[in-house]
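Chemist: fold the stuff below for me.
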Amino acid sequence: MIAIIFLILFLIQILISNRLIIDSFSRKISFIYLLWWGTAIVISTFDPAELYSVSMKTYMLLLINVWAFNWGFLCFGKIKKIRLKVTTDNSFYNLVIGNNKMILLLMLACIVTYYYAMKFALVIELYGAGEGRMMRFEAGELFTSNLEVYLYDFLIKPFTQFVMLIVACMLLSKIKRRILLLSVLFLFLYASVGNGRGGLIVFLFYCFIIYYLRRELYYINLLASKRKKWNFGVVSFVCLFVGVGIIVVVISYMTAQRMGFDTFSAEVVKIGFEELKSQAVWYFLGPFRALDYSFRANYESITGFWYGRATMGGIDNLLKLVIHYLGGSYTIAHDEIGHLLQNSKISVGNGIIFNYAYTNIIFHYLDFGYVGVLLFPFLYGFIVRYSIYKFTQKPTLLTLGIMIYLVYISMFNIFSWEFQKPSSIIYVLLLLFFQYVYSHKFVILKLNGKKKGLCRHEC
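Modeler: Got it, this is the predicted structure:
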C-alpha cells in the first residue's frame, strides 16, 4: 500500500514538472531525476534481498529531499527557447580533438597514472586486494607523502572527470582519432589505481546522459566536426550498447578480483557478474537503511551540528589545508563525520555491512537538522537548473561538463554527497575558470527568427 502511495506522489511530481517546464533540457533532466529516485524509494518499500525495513520517518525525509530539489529546480523560472548554434571553428572537434595541448596533457597524465598503476599492482601482490585498496587513500606504500595524495586527488581525479566527458562524446559521435585511444588508455590506467569500479559507473552515466540529451545537443551543433554534424543513429546506439557490455565485463572482473580470483576467464567473469548483481541491490537500497540507523543512533549527538560545513565539506577541507600550511590548527566536519561513519559497522540486512553510503541527507541533517534536509536540496535544485540555463545560453563543452556533472551528483546523492570531497569542488571551479578565460574565443550564432539570419552571440 505504501509503495502505491509513493508511486502516485512521484507521478504527481512528474506531471507538475512537465506542466511548468517548457524547455526540453530541463524537462528531460527533471523526469530522469524523479524516475531514478522514485524507482529506488518504491522498490525499497518491498525490502528486497532480505534487507531490513526502513522507518516511515526516514522515508518522509527521503521524499522531502527529492521534492525540495525538484521545487528548487522549478523555482528558477522558465528558460526561454533561444535558437543557438555553435560555429564549426568553436566546436568540440577543434577545441578538443584538434588541440595539441590536450594531447600533451593526456600523455603526461598517462605517464603519471602508469607509474602509480605499476606501484599499486606491486602493493596488491604484497598486501592483497582488501588492504591494498585502502592504501590508495593515504600516504604509505603507494603514495610516499600526503602531498602526493593531494596532488593525485586534486589534479588527476578532476582531470579524469573531464576525460570521461570527452570519451563519451567521441564514442557517441563516432569520431575516431588518436586522442580517443589515448583517453581510453588513461581511463584504464586510472581505474587500475585502486581497482575502483565507481569511475567506470560514472562513465556509463556520462554516456547515458549524453545519449539521452542527443536531440538537443545535435540541434545546437556543439559537437560537430569539420566534415559533418554530430549524427546520432543506429551505429551510435550499437556503440553505446557494445561499450556498456565491455564495461560490465571489466566491472565484473574487478568484482571477482575482490573475491580472490586473479585469473581472467569467462567463468571468473560470470562469477563476478553474479556477485555484481547482488551488490547492485545492496548499494542501491542499502544507503536508506544506513541513514535510518543514523537517525536511530542519534549521530547528531555525537558529532554535533556543523552549520553548513558538512554540506560544503570540500571547501572546508581546502580551508584546512591552507590553515595547516600557515601553521594553524583547524578541525573540519569531513574528518569528524567521516571518522564516525567509517567506524560504524552497520548491518543493513542479509549480512551486508555498511560504513560509508548514507545518502546526501546525512550531511545536510548534520548541518541544520530537518531544516538542512529541506534547505540544501532546494538550493542545489536551483543551482542545477541554473547550470542548464547557462548551457542553453552559452553552449560550450565546458558548460556542458558543468551541467552533466551537477546532474550526476543529483542522481548519485542516493549514495553520498560528492561536494564533501575537495576534488569535486576543484573540478567545477576549474571548468568555471576555463570557461571565463576562453569565453572570448567562443563564437555562437544566434538564429534570428524574423530575418532568418545569423548574428554574433558572445559568451
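Chemist: please enumerate the strands of this structure.
Modeler: Ranges of strands in the chain, per DSSP state E, are 84-86, 346-349, 352-354, 443-448, 453-458.
Chemist: could you tell me the least trusted of these?
Modeler: Mean pLDDT per stretch puts strand 453-458 lowest among the strands of the chain, at a mean of 35.
Chemist: residues contacting the residue nearest the centre of the chain?
Modeler: With distances taken as Cα atoms, centre = their mean, residue 408 lies nearest the centre of the chain, 4.0 Å away. Residue 408 makes contact with 202, 205, 206, 209, according to Cβ atoms under 8 Å, 6 or more residues apart in numbering. Where you see a C-beta, it was placed from the backbone N, CA and C, and this is true even at glycine.
Chemist: for the residues you listed, pick the one with the most neighbours.
Modeler: Within the contacts of residue 408, most neighbours by other Cβ atoms under 10 Å means residue 206, with 22 neighbours.
Chemist: the closest residue to that residue other than its chain neighbours and residue 140, how far apart?
Modeler: Of all residues not flanking residue 206 in the chain, residue 168 sits nearest, at 4.2 Å (Cβ to Cβ, 6 or more residues apart in numbering). Residue 168 sits 34 Å away from residue 140 when distances are taken as Cβ to Cβ, to the nearest Å.
Chemist: now do residue 372
Modeler: 35 Å.
Chemist: equivalent analysis for residue 332, please.
Modeler: From residue 332 across to residue 140, the span is 22 Å (Cβ to Cβ).
Chemist: do residue 418 as well
Modeler: Using Cβ to Cβ, residue 418 is found at 25 Å from residue 140.
Chemist: of these two, who's got more company?
Modeler: residue 418 (21 against 14).
Chemist: my read: that one touches residue 409, true?
Modeler: Yes: look at residue 418 against residue 409 with Cβ atoms under 8 Å: they come within range, at 4.6 Å.
Chemist: give me the common contacts of those two.
Modeler: In contact with both residue 418 and residue 409: residue 424, using Cβ under 8 Å, 6+ apart.
Chemist: re earlier: nearest to residue 256, of the contacts of residue 408?
Modeler: residue 202 (20.9 Å; Cβ to Cβ).
Chemist: for the closest one, give me its contacts.
Modeler: Applying Cβ under 8 Å, 6+ apart to residue 202 gives the contacts 161, 164, 408, 412.
Chemist: number of nearby residues for the last one?
Modeler: Read it as residue 412. Number of residues near residue 412 (other Cβ under 10 Å) recorded here: 19.
Chemist: distance-wise, check it relative to residue 36.
Modeler: Residue 412 is 9 Å from residue 36, by Cβ to Cβ.
Chemist: do residue 389 as well
Modeler: 22 Å.
Chemist: then residue 168?
Modeler: 18 Å.
Chemist: and residue 29, what does it touch?
Modeler: 384, 388, 407.
Chemist: I'd like those as a markdown table, with neighbour count, distance to residue 297 and pLDDT appended.
Modeler: Below are these laid out as a markdown table (neighbours: other Cβ atoms under 10 Å; distance: Cβ to Cβ, whole Å; pLDDT from 0 to 100):
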| residue | neighbour count | distance to residue 297 | pLDDT |
| --- | --- | --- | --- |
| 384 | 24 | 31 | 97 |
| 388 | 23 | 38 | 92 |
| 407 | 20 | 32 | 96 |
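Chemist: got CSV for these, with distance to residue 125 too?
Modeler: Output for the contacts of residue 29, formatted as CSV (distance: Cβ to Cβ, whole Å):
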residue, distance to residue 125
384, 44
388, 47
407, 39
